[in-house]
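J.: below are the sequence and a predicted model for it; my questions follow.
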Amino acid sequence: MSSHVPSLVATDVDGTLIDDANRVSERTRAVVHAVVESGTPFVLATGRPPRWIPPVVEELGYAPLAVCANGAVIYDSAADRVIHTTLLSADELAWIADVASWALPGAGLAAERVAESAHDAASPQFVSAPGYEHAWLNPDNTELAEHEVIAEPAIKLLIRMAGTTSREMADALAPALAGLVDLTYSTDNGLIEISAAGVTKASGLREAAGRLGVAAEGIIAFGDMPNDIPMLSMARYGVAVENAHPDAKAAADEVTATNAEDGVARVLERWWRP
């Protein structure tokens, strides 16, 4: 990348910014604060929903704007307020569920629903059908009948099939969806994430950049999984960590050290010194 200072720094969270113990290292925290103090916006771009952002804020010691749910949500973590959403309609959810039932027989469904803040407990935010096998610990889950899971608009639909890979699921499902919605994955452990058409971390970052009044053309972005590929490709400079999925590495302009070795910090220190 040239010597020009990036207009905005965007980074994925899991497997990229935080280490394998879900911590932000002292070195990474220091350079993030240097970025912010310089006046350059620092944005999270993650598959996480807003309610899973507060632990990252605590680790960072800074509350950034966050592109959540793979671009479907813009969340102001400082104000604890969702400021933009793009939803899958109930009709779209029903269609996807029908397609998945024959393309991936036996797969379980779950939906991430919109809320006004990370701490909104007025209604369930994550709902799953019986038989949905969670890919990670999820104490927020509310189990509903499958028709109830898809009865309300959602920021993303999750399709889970233990014992297979996410790539195999994507290969089976993507042709049947015909590009009418956006399909991606952030783990290779048999989990597909579906958003409305055109909704990716790249679209979310463009929305965030516009709200921050900065040029989207000057973004530097960091990531590790296929759901990061759109933003690594659209950024002026895309960086994958060494532990990244091969497809994410192929989409990046550079491969840095792993998430456990301060890969993000090593790149940012070229412009910002704590």
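T.: Sure thing, it's come through. Numbers count the residues shown, from 1 in each chain.
J.: packing partners of the helix or strand hosting residue 248?
T.: According to DSSP states H and E, residue 248 maps onto helix 246-251. Contacts defined by 3 or more Cβ pairs under 8 Å, 6 or more residues apart in numbering; DSSP states H and E place helix 246-251 against helix 229-234, strand 237-241. Backbone N, C-alpha and C define where each C-beta goes, glycine included.
J.: is it possible to export those to JSON lines including mean pLDDT, distance to residue 65 and mean neighbour count?
T.: Shown next, in JSON lines, are those (pLDDT from 0 to 100; distance: least, Cβ to Cβ, whole Å; neighbours: other Cβ atoms under 10 Å):
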{"stretch": "helix 229-234", "mean pLDDT": "98", "distance to residue 65": "14", "mean neighbour count": "23"}
{"stretch": "strand 237-241", "mean pLDDT": "98", "distance to residue 65": "19", "mean neighbour count": "26"}
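J.: let me see the contact set for residue 149.
T.: By Cβ atoms under 8 Å, 6 or more residues apart in numbering, residue 149 lies in contact with 93, 109, 110, 111, 127, 128, 129.
J.: just the ones of those residues in strands?
T.: Counted as lying in strands by DSSP state E, out of the contacts of residue 149, are 109, 110, 111, 127, 128.
J.: quick one on the thing from earlier: pLDDT and neighbour count added to the contacts of residue 149, as CSV?
T.: Shown next, in CSV, are those (pLDDT from 0 to 100; neighbours: other Cβ atoms under 10 Å):
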residue, pLDDT, neighbour count
93, 98, 22
109, 97, 22
110, 97, 27
111, 97, 27
127, 95, 24
128, 96, 22
129, 96, 20
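J.: list the buried residues for stretch 59-66?
T.: Buried positions in stretch 59-66, judged by neighbour count with 16 or more other Cβ atoms under 10 Å: 59, 60, 62, 63, 64, 65, 66.
J.: helices and strands around the helix ranked longest in the chain, which ones?
T.: Ranked by residue count and defined by DSSP state H, the top helix of the chain is helix 90-103. Contact analysis of helix 90-103 by 3+ Cβ pairs under 8 Å, 6+ apart lists strand 108-112, strand 156-160, helix 166-177 as its packing neighbours.
J.: make a markdown table out of those and add distance to residue 270.
T.: Formatted as a markdown table, those follow (distance: least, Cβ to Cβ, whole Å):
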| stretch | distance to residue 270 |
| --- | --- |
| strand 108-112 | 36 |
| strand 156-160 | 34 |
| helix 166-177 | 33 |
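J.: roughly how far out does stretch 190-209 sit from the chain middle?
T.: Averaging C-alpha positions (Cα atoms, centre = their mean, to the nearest Å) puts stretch 190-209 8 Å from its chain's average.
J.: and the ones in strands among the contacts of residue 149, which is closest to residue 216?
T.: Set against residue 216, the nearest of the ones in strands among the contacts of residue 149 by Cβ to Cβ is residue 111 (29.5 Å).
J.: what about the closest one, distance to residue 16?
T.: From residue 111 across to residue 16, the span is 25 Å (Cβ to Cβ, to the nearest Å).
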